[in-house]
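> Provide a 3D model corresponding to the input given below.
(chains A and B)
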Amino acid sequence: EDQVTQSPEALRLQEGESSSLNCSYTVSGLRGLFWYRQDPGKGPEFLFTLYSAGEEKEKERLKATLTKKESFLHITAPKPEDSATYLCAVLSPAGAGSYQLTFGKGTKLSVIP
Amino acid sequence: SAVISQKPSRDICQRGTSLTIQCQVDSQVTMMFWYRQQPGQSLTLIATANQGSEATYESGFVIDKFPISRPNLTFSTLTVSNMSPEDSSIYLCSVEGTDTYEQYFGPGTRLTVT
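Model (predicted):
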């Protein structure tokens, strides 16, 4: 069974204090890893897709990296508006040509001014 | 990416009643997905809805409890039947990106059952 574990569960940062969120996974045949941002009362917002180990993607203050066992979401000089829950999900084969998406529980990031 | 809307955005319901949640997409899509997000838990896939065929349910979810309709390529409904407080959750619909596997989500429906 595919498993996705995100750590820490919650992270409190001062504005400008860079840090990283971790997503470790155990899957049978990774086809892709996704990062989402979710604000309170809203649906998840797609951020990045990573397909293979060594791949990196960047968007503003966020940079996602991927290894064979985990992914990191690096946040550089965060601002209060970066406060949200960050979700990680992995895509793997589910048989008969279909795929399944398994989500982690998320990391709740709070950036204090 | 597709623009997805859901109705209602939230509701408070009595136990034993049913609620139908609507999901509308601004473009035609083959597959639509329904998820449940319980407090402190990860998103859990309830079912996949293809237009013109029966929905495919994940383990632990049954059609009698969560009937789904998919009348066309831009619309789907999820009904939560005979509700109990354990059904209190956020329900989300999503669609896949064009030629990619990432999913795009609607704003969610927050359901509270009393």
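
> Just say helix, strand or coil for the residue of chain B most remote from its centre.
The centre of chain B is farthest from one residue, residue B:99, which by Cα atoms, centre = their mean lies 22.2 Å away. For residue B:99, the reduced secondary structure class is coil; criterion used: DSSP: H, G, I helix; E, B strand; the rest coil.

> Over to it: give its phi and psi.
Its backbone dihedrals place residue B:99 at phi 60, psi 10, with angles given as degrees, to the nearest 10.

> got the contact list for residue A:91?
If you count contacts by Cβ atoms under 8 Å, 6 or more residues apart in numbering or on different chains, residue A:91 has them with A:30, A:31, A:32, A:33, A:34, A:99, A:100, A:101, B:101. Where you see a C-beta, it was placed from the backbone N, CA and C, and this is true even at glycine.

> Repeat the analysis, applying 6 Å as the threshold.
For residue A:91, the contacting residues are A:31, A:32, A:99, A:101, B:101, taking Cβ atoms under 6 Å, 6 or more residues apart in numbering or on different chains as the criterion.

> Strand partners (parallel or antiparallel) of the helix or strand hosting the fourth one?
Going back to what we said before, that points to residue A:101. Under DSSP states H and E, the secondary-structure element containing residue A:101 is strand A:98-103. The sheet places strand A:98-103 alongside strand A:84-95 (antiparallel), with pairing taken from DSSP bridges.

> can you count the residues close to the residue of chain A found nearest chain B?
Distances from chain A to chain B, computed as Cβ to the nearest Cβ, single out residue A:43 as the nearest residue at 3.6 Å. Burial measure for residue A:43: 22 neighbouring residues, criterion other Cβ atoms under 10 Å in any protein chain shown.

> And residue B:49, by the same measure?
Residue B:49 has 23 neighbouring residues, counting by other Cβ under 10 Å.

> do residue A:61 as well
The burial count assigned to residue A:61 is 14, neighbours taken as other Cβ under 10 Å.

> Please enumerate the strands of chain B.
B:4-7, B:10-13, B:19-25, B:31-37, B:43-50, B:56-57, B:68-72, B:75-80, B:89-96, B:103-105, B:109-113 (DSSP state E).

> per-residue confidence at residue 113?
Looking at chain A here, since you left the chain open. pLDDT for residue A:113: 96.

> please go with chain B instead
pLDDT at residue B:113 comes out at 97.

> sorry, back to before: continuing past the strand holding residue A:101, what's the next helix or strand?
Heading C-terminal from strand A:98-103, the first helix or strand you meet, by DSSP H and E, is strand A:107-112.
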